[in-house]
Every structure is written in structure tokens, then in C-alpha cells.
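[1] missing the sequence, but the structure's below:
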């Protein structure tokens, strides 16, 4: 019974109804901002899109972030993070559900940022990036200092001013953005760029790095909490000072840096000592050194005086040695006489053993040794000469064989060159004959063409060529004066003529005389020159 009033209601297909619902939802809720907790996020899909849900205490809505929007986002979605999502509400007909297509994502307040910061801090600390054993000692007096900061802010001016007051050093500034989209990537690239500079290159490699920024809110300083910046600071082989914000501002780069400075000015004070204090300390040390040396000299002088007073007199020290010298001097004559007698006895014994027979025996023995050495020397010289003669004979044979082989090789080479020269001569002869044939054919064609184009072929057909006294061709009768001397050229020769003075005046120039000449004019060749009549 209740279905009868709906009998006339229009029918919709499932697709039509889904499309109508989609248009209704999108028209009613164009762009919305939704606050909720991310649920079911497992990272980007293989296609690059992100699918998850936003929920609160009593409801849940599906959410999707397309690949291109996810790449531009500063804050990436994370499981359990409370966020504020800005996007467009739509429906998904495939599963009869509505969802929000997120275009922008931001944490929901400072509490969420702090929770994200604490979670990231625990993660990086577990990896050992904040371990004190990784930290390096700062150089006592660096030659070059690299500063990573904004080139337009007051931070770089404060650092340069403080360094100038304390101890001027060479400063390299890598300009970066310290806030906003892409700032974290620029800061990390600057740290890695300074570390990539070679030792002794055109740009000096810094001995110390300072990453500095002025104070600001947690959102303003968030670039220095990004993992890419923290990992770049932890991987830096150059000692690094973090000077981000004020005393109360804490960022993750402070834990990864080798030293944290409460302000950029304090970082400059940590980087270099005070030059005037060093001068004063050096002067103080110099004075103390001189005073210590003077006290030591005075102490040595006093010790020397005390030792001199404790020593006995020189006469007492030399009394016993003087007595020993006197005793030895008294015994010296007797000792010399005894020594002389002993040497005389030894000489007498030796002279008794040295007789003429012994000397002759030694001479004979030496002569025999000398004779033996001479024979051995002669035998050695003959052996050496024989070996040298055999060696030279072998070398002579090798030289003859080599000379013969060389001569044969040269003969073969000359024969090959002669054969090659013959072949080249034959080729040149054939090429010359071919070239002459081509030139003859070309000359023949040119002669035929010249003959075909020459005016003499026209003369052969019975025409004549009339020239004036200067030898120029005459083209019209009007150009010929009375009694003018002309020359008529036929195919078989030339004839001199004189123009008739009694000819009537010609009103219009006739055709060229060459074309009016009759073939019978050639019979006048037997007449004497200058006796012909053209007309």
C-alpha cells in the first residue's frame, strides 16, 4: 500500500545517483578546513598518492593526498599526528563513500609541533646523531669561517661586526633561506657544499662553520628541525656551531652540532679569541719568561759561588801530582839506560840470525816466485789472446753473414722498389694515354662546336662579310660613305672594293650586306684588287 504513491517517481541508475550526490557534495562544500587525527597512514602508495583517514572522538572521514600535492607539502602526514587539513570534499562512487582531497596540511597548534619534535628527537637520538663522541673540538684560531645564513638579515652583520672587534678572519657566506618552503634543503645543501670544497682549491675550505638565524616562533624555526638539516650537520667533517634563535629557542640542529651558541653574536665569540687579550697574554708571558730566566741565572750564580768556596786551594790539589812528577823525573835516566840495553840485545840477536846464506835463500825463493808468476802471466796472456782471437773470428763471421743478409735485403728492397716504380710508370703511362684521349676528344668537340658556331660556315653557304677600312663589319648600307674602301670576305678569300658614289640615297637601312650577297660573287676573285664594284 505505501509503494503506490511512489509509482510515478523518476528512476535513477546507480551511476546517475552517484554523480548527482557527487555534484551536491562538491557544490555544498567546495573548500573546507578539517581538524582531526591521522589514522591508518602507512606511507605513500606505490603510485605516490597517500590514503588515510581523519578522525576525532566520534567520527571519521577518508582522506587522500595526490602525488603532486604531497611533494609540495612542508609537513608530511604521520600516523597519530593531529593536523588541520585544507581541501575539497567529494565522493568516491566505487565504494559509496565521501572523502576529502587534501591540498594543504599543517599541524594543529604548537602542541602537535612539540609532539612531532619530541618524536623526531627520539628517533634521531636512537640513531646516534646526538652522541657526544661524534662531536669535534673547535679550532682555536680558524683561518677561514663559513657562515650559513640569510645575506639580507641582521645576523650576518652582527657576526661580521663581532669578528672584526675580536679577531678579524676571512669569512665565506653561503646565502640561504632560513624560513619557508625549501629553506631546509638550502641549509643542508650549504653545509654539504662547504664540506665538499677541496683542500687548497681556488675557494678556501673553511676551518669552522656557523649556521645562524635570528629568533622566531617554533614554526619559523621549524626548518632547523628537519631531518635533512640535522643529518647534514651530523655528517659535517668541519666543526659546526649552531646559532639558531635566542637563548630559549631549542632546535634539533643544536643537538647534532659540535657546539651550540645561544645567539649568533655568541657564536662569533666562540669562533675566535680576543686579539687584544692575546697580545696582553703574550706580553705577560714574555715578562714572566724574562723574570724566570733572570731568577734562574741568579740562582746559578749563587750556586757557583758556594761551590767555589767549598773547593780546596790549587796548591793543595796539585801537591800530590807534583810529588809524583818529581819521583818519575828522578827515575827517568835509569829507565832510558835500561831500555837502550834491552834494544841493543834484541838487535844483536837479530843480526846474528841475519847471514849471507839466509839472504841468498830468500832471494832465490823470491826469484822462483817471480819466475812462476811470469810463466802464469804469459800463459794467461796467451789464453786471453786466443779467446779474443776466437771471439773476433766469430764476430767476423757474424758480421759477414749480417752484411750478406743486409745486402740481400737491400737488393730485395731495390727489386721491390724497381717493380713498384715499373707498375707506377705503367699506371702513369696508361693514365697519361687516357688523359690525352680525353683531351683529344675534348679538343675535337670544341673544334666541332667552334666550327658550328663560326661565321665561316655561313660564308660556305654563299654569304659574304663586308668590312670597312678599319676591319670592322658593316651592318647597314647607310653607314658606308661615298668611295669608301671596303673588304668583302667570301668563303675562299677576300676582295677589296670601293663603294659607288652615284648610288641613290637610302631612306631606311637595308638588311645586312652579308645576307644580300649572291653566291655568284665568288667568281670575282680573278679580278685585281680595288677594281671590283659591290653594287
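    Cool, got the structure. Because the structure is predicted, anything quoted here is derived from the model rather than measured.
[2] CA atoms for contacts and neighbours, from now on please.
    OK.
[3] so where do the strands sit in the stretch 1-150 of the chain?
    Here the stretch 1-150 of the chain has its strands, by DSSP state E, counting those that start in this stretch, at 31-39, 50-55, 60-65, 82-92, 97-107, 144-149.
[4] winner for burial among those?
    Mean neighbour counts were taken over these using mean count of other CA atoms under 10 Å, and the top value, a mean of 23, falls to strand 144-149.
[5] what does the helix or strand following that one contact?
    Counting by DSSP states H and E, the next helix or strand C-terminal to strand 144-149 is helix 154-166. Contact partners of helix 154-166, identified using CA atoms under 8 Å, 6 or more residues apart in numbering, comprise 147, 149-150, 169, 212-214, 264-265, 267-269, 272-276.
[6] what's the spacing between residue 316 and residue 309?
    Separation of residue 316 from residue 309 (CA to CA, to the nearest Å): 14 Å.
[7] Kindly reformat the strands of the stretch 1-150 of the chain as TSV containing mean pLDDT.
    Shown next, in TSV, are the strands of the stretch 1-150 of the chain (pLDDT from 0 to 100):
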stretch	mean pLDDT
strand 31-39	86
strand 50-55	90
strand 60-65	90
strand 82-92	86
strand 97-107	86
strand 144-149	94
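[8] Could you export the ones you listed to CSV, including columns for distance to residue 454?
    Compiled in CSV, the strands of the stretch 1-150 of the chain are given as follows (distance: least, CA to CA, whole Å):
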stretch, distance to residue 454
strand 31-39, 98
strand 50-55, 95
strand 60-65, 94
strand 82-92, 97
strand 97-107, 94
strand 144-149, 93
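[9] Compare those and give me the one nearest residue 297.
    Smallest distance to residue 297 across those (CA to CA): 43.4 Å, for strand 144-149.
[10] Which other helices and strands does that closest one contact?
    Other helices and strands packing on strand 144-149, by 3 or more CA pairs under 8 Å, 6 or more residues apart in numbering; DSSP states H and E, are helix 154-166, strand 170-175, helix 183-196, strand 208-213.
[11] who does residue 62 bridge with?
    residue 53, residue 99 (DSSP bridges).
[12] Check the spacing between residue 63 and residue 101 real quick.
    6 Å.
[13] what's the next secondary structure element after the helix ranked longest in the chain?
    Assignment by DSSP state H gives helix 356-453 as the longest helix of the chain. Where DSSP H and E defines the elements, the next helix or strand beyond helix 356-453 is helix 456-460.
[14] Next, the buried residues of that following helix.
    Within helix 456-460, the residues that qualify as buried are 456, 458, 459, counting by 16 or more other CA atoms under 10 Å.
[15] would JSON lines of the helices and strands packed on strand 144-149 with mean pLDDT and distance to residue 418 be doable?
    Listed next are those as JSON lines, based on pLDDT from 0 to 100; distance: least, CA to CA, whole Å:
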{"stretch": "helix 154-166", "mean pLDDT": "91", "distance to residue 418": "87"}
{"stretch": "strand 170-175", "mean pLDDT": "93", "distance to residue 418": "77"}
{"stretch": "helix 183-196", "mean pLDDT": "93", "distance to residue 418": "69"}
{"stretch": "strand 208-213", "mean pLDDT": "94", "distance to residue 418": "80"}
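[16] Give me whichever of these is most buried.
    Highest mean neighbour count among these (mean count of other CA under 10 Å): strand 208-213, a mean of 26.
[17] low-scoring pLDDT stretches of the stretch 401-535 of the chain, where are they?
    501-535 (pLDDT under 70).
[18] sorry, back to before: are any of the contacts of helix 154-166 buried, and if so which?
    Looks like those have 147, 149-150, 169, 212-214, 264-265, 267-269, 272-273 buried, using 16+ other CA under 10 Å.
[19] got a markdown table for those residues, with distance to residue 475 too?
    Putting the buried ones among the contacts of helix 154-166 into a markdown table (distance: CA to CA, whole Å) gives the following:
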| residue | distance to residue 475 |
| --- | --- |
| 147 | 100 |
| 149 | 99 |
| 150 | 97 |
| 169 | 102 |
| 212 | 104 |
| 213 | 104 |
| 214 | 106 |
| 264 | 108 |
| 265 | 110 |
| 267 | 110 |
| 268 | 108 |
| 269 | 112 |
| 272 | 110 |
| 273 | 113 |
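[20] farthest-separated two in the residues you listed?
    Farthest-apart pair in the buried ones among the contacts of helix 154-166 is 150 and 273; separation 24.7 Å (CA to CA).
[21] ok, back up a step: which of the buried residues of helix 456-460 lies closest to residue 320?
    Closest to residue 320, out of all of those and judged by CA to CA, is residue 456, at 153.8 Å.
[22] right, and that closest one touches residue 491 too?
    Yes. Contact criterion CA atoms under 8 Å: residue 456 and residue 491 qualify, at 6.6 Å.
[23] Pull out the buried positions in stretch 477-485.
    Under 16+ other CA under 10 Å, the buried positions of stretch 477-485 are 477, 485.
[24] how far is that stretch from where the chain is centred?
    Distance of stretch 477-485 from the chain centroid (CA atoms, centre = their mean, to the nearest Å) equals 91 Å.
[25] Ends of it, what's the gap?
    Length of stretch 477-485, first residue to last, CA to CA: 13 Å.
[26] Same check on stretch 178-188?
    11 Å.
[27] what sits up against it?
    Residues from elsewhere that reach stretch 178-188 (CA under 8 Å, 6+ apart): 74, 148-150, 176-177, 213, 220-224, 226, 228-229, 232-233.
[28] same thing but at 10 Å, please
    With contacts defined as CA atoms under 10 Å, 6 or more residues apart in numbering, stretch 178-188 is touched by 72-74, 148-150, 153, 174-177, 189-190, 192-193, 211-214, 216, 219-233, 244.
[29] thinking residue 87 is in contact with residue 103, fair?
    Yes. When contacts are counted by CA atoms under 10 Å, residue 87 is listed as touching residue 103 (5.0 Å).
[30] what do these two both touch?
    Shared contacts of residue 87 and residue 103 (CA under 10 Å, 6+ apart): 31, 64, 65.
[31] Is the spatially closest residue to the first one that is not a sequence neighbour bridged to anything, and to what?
    If you skip the residues right next to it in sequence, residue 31 has residue 88 as its closest partner in space, 4.6 Å away by CA to CA, 6 or more residues apart in numbering. Residue 88 forms beta bridges with residue 31, residue 101, as assigned by DSSP bridges.
[32] Start at 7, not 1
    Sure thing, new numbering starts at 7, so read that last one as residue 94.
[33] list the contacts for residue 94?
    Counting by CA under 10 Å, 6+ apart, residue 94 touches 31-32, 35-39, 69, 105-109.
[34] Which members of the residues you listed define the maximum pairwise distance?
    Largest separation among the contacts of residue 94 by CA to CA: 31 and 109, giving 17.4 Å.
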